[in-house]
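S.K.: Show me how the following folds:
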Amino acid sequence: MVAKKRVTLADVARLAGLSSTAASMILTGRPDTRLSAEAHARVHAAAASLGYRPNVAARALRTDKSRSIAFISDYVATTRFASGLIRGALAAADAAGHVMLVLETGGEPAREVQAVQAALDRQVDGIIFAAMRAREVFVPDLAIPAPVVMLNGTSARFPTSVLPDEYAGGRLAVELLVEAGAAQSSVLLGHNAEEERGLFRSESIARRLAGIRDAMAEHGLEFEAELSCWNWEPGHGYELVRKLLETRRPRSILCLNDRLAFGAYQAIGEAGLAIPAGIGLVSFDNDELASYLRPGLTTIGLPHEQMGREAVRLLLETSRPESETLVPMPLLRRGSLPAG
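M.R.: This next block holds a predicted model:
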């Protein structure tokens, strides 16, 4: 089968009865063409009739812009938990008329080097480095002659970053307990300040905890108990809350993520207690399972899609702030807290 010849700008100009220069000015949206409305209409009609598509590679050589960006991540594209980051970035890139090259590295340094080199070989207009969970991101020690934005992560080399506002989210969780009249007898599930002294999870979790503790102090409150586990998974939430309920009945539990809350739900149900009448819960992340629990789990979500859109917006700005952009964490009110 013979490949169909690509329609060129010269073909469009010939059909419209104009020069290639005039056709180019019209198709690229130049505001100062000084050509008639009828000439504009002829060129657009000719382009549509012939199925003309701009030669992006040729345009990149002329303008030094490829209208493409690279999205390099550890596990974002293959992990349901963080897929909103890439959905938001893709939507924003498409709206800005850019193609997005997605490169997944699995967090392996050698693959990260290869990903950066592949992006630069394709002359992308900028690179977004994204992380599944907010953390300091390894960026290969390569010269990167393109704008860089860190998404859900930070880097000493590249100060422009987009992060969830975890501190404000932590404060909001406490305010919800106060509003519900359930803060006077509350348990923190997932962290114990004494047991974990000197240990570091991530900057985002440190900020979440700082917001929680500052808000508790401002209200003159302390947790009845703080239950520590390193892996915030349902099994750990279940075991910690099951043991807790053998000796005490708190009015509420502040869970540091939805997976811990899922386990807490099971333990509370086994103890014959109702949610929220017996114990109220508030949590973080807005994992998909939060809406499936009954009653639904009130949680403070990670604004992943908005963060992805914001990263693309910053990347394409001619002057971008060399600082953090904090995206508010949305509140998902469901039925796990008393009405107050």
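S.K.: what's in contact with whichever strand or helix holds Phe284?
M.R.: Per DSSP states H and E: Phe284 is located in strand 280-285. If you take CB atoms under 8 Å, 6 or more residues apart in numbering as the criterion, strand 280-285 is touched by 169, 173, 176-177, 180, 182, 208, 251-258, 260-261, 264-265, 275, 290, 297-302, 329, 336-338. Glycine gets a C-beta too; all of them are placed from N, C-alpha and C.
S.K.: Could I get the full set of strands for the stretch 51-200 of the chain?
M.R.: Taking DSSP state E, counting those that start in this stretch, the strands of the stretch 51-200 of the chain run over residues 68-73, 99-104, 127-136, 148-154, 161-164, 186-190.
S.K.: what's the offset of the shortest one from the middle of its chain?
M.R.: Between the centre of strand 161-164 and the centre of its chain there are 8 Å (CA atoms, centre = their mean, to the nearest Å).
S.K.: sorry, back to before: okay, and which of the contacts of strand 280-285 map to strands?
M.R.: Cross-referencing the contacts of strand 280-285 against strands under DSSP state E gives 252-255, 299-301.
S.K.: out of the residues you listed, which one sits closest to Leu85?
M.R.: Comparing the ones in strands among the contacts of strand 280-285 against Leu85 with CB to CB picks out Gly301 as the nearest, at 13.1 Å.
S.K.: Setting aside sequence neighbours, what's the nearest residue to that closest one?
M.R.: Nearest non-adjacent residue to Gly301, counting by CB to CB, 6 or more residues apart in numbering: Asn286, 3.1 Å away.
S.K.: what's that neighbour in contact with, if anything?
M.R.: Listed by CB under 8 Å, 6+ apart, the contact set of Asn286 reads 258, 299-302, 330, 332.
S.K.: Neighbour count and pLDDT added to those residues, as a markdown table?
M.R.: Shown next, in a markdown table, are the contacts of Asn286 (neighbours: other CB atoms under 10 Å; pLDDT from 0 to 100):
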| residue | neighbour count | pLDDT |
| --- | --- | --- |
| Asp258 | 25 | 97 |
| Thr299 | 28 | 97 |
| Ile300 | 26 | 98 |
| Gly301 | 20 | 96 |
| Leu302 | 27 | 95 |
| Pro330 | 15 | 97 |
| Leu332 | 16 | 96 |
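S.K.: Looking at those, which is nearest Val139?
M.R.: Nearest to Val139 among the contacts of Asn286, with distances taken as CB to CB, is Leu302, at 22.3 Å.
S.K.: Surely that closest one is in contact with Pro164?
M.R.: Yes: at 5.4 Å, Leu302 counts as touching Pro164 under the criterion of CB atoms under 8 Å.
S.K.: shared neighbours of the two, which are they?
M.R.: In contact with both Leu302 and Pro164: Met329, using CB under 8 Å, 6+ apart.
S.K.: quick revisit: got the ones in strands among the contacts of strand 280-285 as a markdown table, with distance to Ser186 columns?
M.R.: As requested, the ones in strands among the contacts of strand 280-285 are exported to a markdown table (distance: CB to CB, whole Å):
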| residue | distance to Ser186 |
| --- | --- |
| Ser252 | 5 |
| Ile253 | 7 |
| Leu254 | 6 |
| Cys255 | 11 |
| Thr299 | 16 |
| Ile300 | 15 |
| Gly301 | 21 |
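S.K.: what's the closest non-adjacent residue to Leu331?
M.R.: Leu331's closest residue in space is Ile300 (CB to CB, 6+ apart), at 5.7 Å.
S.K.: which residues does that neighbour contact?
M.R.: 169, 172-173, 282-286, 329-332 are the contacts of Ile300 under CB under 8 Å, 6+ apart.
S.K.: mind redoing it with 7 Å?
M.R.: For Ile300, the contacting residues are 169, 172-173, 284, 329, 331, by CB atoms under 7 Å, 6 or more residues apart in numbering.
S.K.: Out of these, which comes closest to Gly126?
M.R.: Looking across the contacts of Ile300 and measuring by CB to CB, the closest to Gly126 is Met329, at 26.0 Å.
S.K.: What distance do you get for that closest one to Val137?
M.R.: Distance of Met329 to Val137, given as CB to CB, to the nearest Å: 20 Å.
S.K.: okay, these two: which has more neighbours?
M.R.: The residue with more neighbours, out of Met329 and Val137, is Met329; 26 against 22, by other CB atoms under 10 Å.
S.K.: Just among the contacts of Ile300, which is most surrounded?
M.R.: That'd be Phe284 among the contacts of Ile300, by other CB under 10 Å, with 29 neighbours.
S.K.: re earlier: report the angle between the strand holding Phe284 and strand 186-190.
M.R.: Orientation check (axes from the mean of the first three to the mean of the last three CA atoms, to 10 degrees): strand 280-285 against strand 186-190 gives 30 degrees.
S.K.: Given strand 280-285, what are its sheet partners and their directions?
M.R.: The sheet places strand 280-285 alongside strand 252-255 (parallel), strand 299-301 (parallel), with pairing taken from DSSP bridges.
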